[in-house]
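Visitor: Sequence first, predicted coordinates after that:
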Amino acid sequence: MTAEFDCVTTSSKSVEQMFDLARNIDTHTRSQADAGEKAVAGVTGGLIGLHQNVTWKARHFGLPFTLTSRVTEFEPPHRFVDEQIRGPFTTFHHEHRFEATEFGSVMIDRVRFDAPFGPLGRAVERFVLARYMRRLIEERGRFLAAP
């Protein structure tokens, strides 16, 4: 069973600003400082773009994780997709969309993932991981949108 959720973040920043903040490795690192997230390979600073990879090391649930993602779709400044190519999930797909509003912009994060380990993984995915991941994405959105 695939976990899927959307997070919507409103901001006074423009679509262009939010698009670049969302794909900025340094900004992502600052937004996830509590997990000690660090880019260790691929694009490790600045802006990531189409067909580029980044490998992240972080601690979640007290455990070390390594995940490599690639930007697989790129439509500046309105949309990009990153997907796990190596890491703890069976699949991980994150679509970032940006729309202009009268007062700035809206960022929509659509996340879909599958946990490994069969029925046990699906139970963890449903009761723990989906909520945890949503909270991380919401926190990141608030960080990016902050004045």
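Guide: Structure received.
Visitor: Name the next helix or strand downstream of the least confident helix or strand in the chain by mean pLDDT, please.
Guide: None of the helices or strands of the chain scores lower by mean pLDDT, DSSP states H and E than helix 118-124, at a mean of 72. Of the helices and strands lying after helix 118-124 in sequence (DSSP states H and E), the nearest is helix 130-145.
Visitor: That next one: how far from the chain's middle?
Guide: Chain-centre distance of helix 130-145: 8 Å, with Cα atoms, centre = their mean, to the nearest Å.
Visitor: And that helix, what does it pack against?
Guide: strand 3-11, helix 15-22, helix 25-31, strand 104-114 (3 or more Cβ pairs under 8 Å, 6 or more residues apart in numbering; DSSP states H and E). C-betas here are computed from N, CA, C, even on glycine.
Visitor: List the contacts of the third one.
Guide: Contacts of helix 25-31 with the rest of the structure, by Cβ atoms under 8 Å, 6 or more residues apart in numbering, involve 21, 37-39, 43-48, 54, 139-140, 143-144.
Visitor: Within the sheet, what are the partner strands of the next helix or strand after that helix, with directions?
Guide: Sequence order places strand 38-42 as the next helix or strand after helix 25-31, per DSSP H and E. Take DSSP bridges as the rule and strand 38-42 pairs in its sheet with strand 53-60 (antiparallel).
Visitor: Can I get the strand it pairs with in CSV, CA atoms only?
Guide: The C-alpha trace of strand 53-60 is given here as CSV (Å, rounded to 0.1, in the frame of the first residue of the first chain):
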residue,chain,number,x,y,z
ASN,A,53,21.5,13.7,-7.8
VAL,A,54,22.1,14.4,-4.2
THR,A,55,22.9,11.9,-1.4
TRP,A,56,21.7,12.8,2.0
LYS,A,57,22.8,11.4,5.4
ALA,A,58,20.5,12.0,8.4
ARG,A,59,19.2,10.6,11.6
HIS,A,60,15.6,9.7,12.0
